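S.K.: Sequence and predicted model, in that order:
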Amino acid sequence: MKKLEISIFLLRIMLGISFFVHGFVKFQDGIGNTGGWFDSIGIPGFLAYFVGAVELIGGMALILGVGTRVVSALLAIIMVGAILKVKLTAGFLGTGEKVGYELDLVLLVIAIFLTINGSKIWAVDQAIFNRKKKNSYHEQ
């Protein structure tokens, strides 16, 4: 096992945990409340369901290593929206009343990295696709 593969695995797991927890909290606190907040900042409230589902299900998918590139791309889009629509006015570090976008930017960069590179180590989809390749090879 290579150091780089393990490092990428750690990024995938931490991104997955971070978004899983954010999605879980959105549903636990009442996704309708999140939808109302979305409406209040000028984002259609129904998007809260999409964002919450991508965070919750996508976070779990990243932890398991399923669809890493697609999930990471969706999370990157969500982070761009969060930075531009919610956090940008507070600046990088934030103000006394509002948090900045520094953490969002870090999560965005990790999501972009995983979108470009994927993460094969200890990934469910890697095990499935490798098994299919091996089976098709042996059948020939």
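M.R.: Sure, I can see it.

S.K.: so who does residue 105 touch?
M.R.: Counting by CB atoms under 8 Å, 6 or more residues apart in numbering, residue 105 touches 79, 83, 92. C-beta coordinates here come from the backbone N, C-alpha and C atoms, glycine included.

S.K.: Same question for residue 74.
M.R.: 54, 58.

S.K.: element containing it?
M.R.: helix 68-82 (DSSP states H and E).

S.K.: Now that helix: buried residues?
M.R.: Neighbour-count burial for helix 68-82, counted by 16 or more other CB atoms under 10 Å, picks out 68, 71-76, 78-79, 82.

S.K.: Report the two of those separated the most.
M.R.: 68 and 82 (20.4 Å; CB to CB).

S.K.: now the helices for this protein?
M.R.: 3-28, 31-40, 47-64, 68-82, 102-117, 124-139 (DSSP state H).

S.K.: In TSV: those, plus distance to residue 88 and mean pLDDT.
M.R.: Formatted as TSV, these follow (distance: least, CB to CB, whole Å; pLDDT from 0 to 100):
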stretch	distance to residue 88	mean pLDDT
helix 3-28	19	97
helix 31-40	17	96
helix 47-64	17	98
helix 68-82	9	98
helix 102-117	9	98
helix 124-139	34	66
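
S.K.: Looking at those, which is nearest to residue 96?
M.R.: Closest approach to residue 96 among the helices of the chain (CB to CB): helix 102-117, 15.5 Å.

S.K.: in the closest one, what counts as buried?
M.R.: 104-105, 107-108, 110-115.

S.K.: which among these gets closest to residue 10?
M.R.: The closest of the buried residues of helix 102-117, once distances to residue 10 are taken by CB to CB, is residue 110, at 10.2 Å.

S.K.: Can you give me every residue that contacts that closest one?
M.R.: So residue 110 contacts 11, 14-15, 72 (CB under 8 Å, 6+ apart).

S.K.: now do 6 Å
M.R.: If a contact means CB atoms under 6 Å, 6 or more residues apart in numbering, then residue 110 has 11, 15 as its contacts.

S.K.: how much space between it and residue 12?
M.R.: 9 Å (CB to CB, to the nearest Å).
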